[in-house]
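# Please find the sequence and the predicted model below.
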Amino acid sequence: MTKPVDQYQIDCPSGHEVSVPRNLLGEELVCPRCNSRFVADIKASAEERDARMEKAARQWLFLAVTAASLLVFAGLLAALLRLLR
Ligand SMILES: [Zn+2]
């Protein structure tokens, strides 16, 4: 589960990770390290990245479980057909 956070880690254009409070998302910020200006885009934050990866992992898990259930079902079906023969 992803819990809401108050601070987002967002990379500046030079790759410095900057802590951005939630209320500054979407605002133009200045990187404290290299002074470059950038817009705090939540889609670029580490938290968003993690959430996306978590979602992808869940989809893979779902696929794996579905495939495993299908295999079990196919096995049962084969056993049943053998019984009926
Ligand atoms: Zn920077």
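Happy to help now that I have it.
# Just the element for the residue positioned nearest the centre of the chain, please.
With distances taken as C-alpha atoms, centre = their mean, the residue of the chain nearest its centroid is residue 52 (1.8 Å). Applying DSSP states H and E as the criterion places residue 52 in helix 46-84.
# hang on, residue 9 packs against residue 18?
Yes - Residue 9 is within contact range of residue 18, at 7.3 Å (criterion: C-beta atoms under 8 Å). Using the backbone N, CA and C atoms, a C-beta is placed for each residue, glycine as well.
# More neighbours: which of these two?
With neighbours defined as other C-beta atoms under 10 Å, residue 9 and residue 18 compare such that residue 18 has more, 20 against 16.
# Using the three-state scheme, assign that one.
strand (DSSP: H, G, I helix; E, B strand; the rest coil).
# give the contact list for it.
9, 10, 11, 12, 29, 31, 32, 33, 40 (C-beta atoms under 8 Å, 6 or more residues apart in numbering).
# likewise residue 16?
Listed by C-beta under 8 Å, 6+ apart, the contact set of residue 16 reads 31, 33, 34.
# Mind pulling up the pLDDT for residue 23?
On pLDDT, residue 23 comes in at 93.
# Contact residues of the chain facing the ion?
Residues of the chain found near the ion (C-beta under 5 Å from the ion) are 12, 14, 16, 31, 33, 34.
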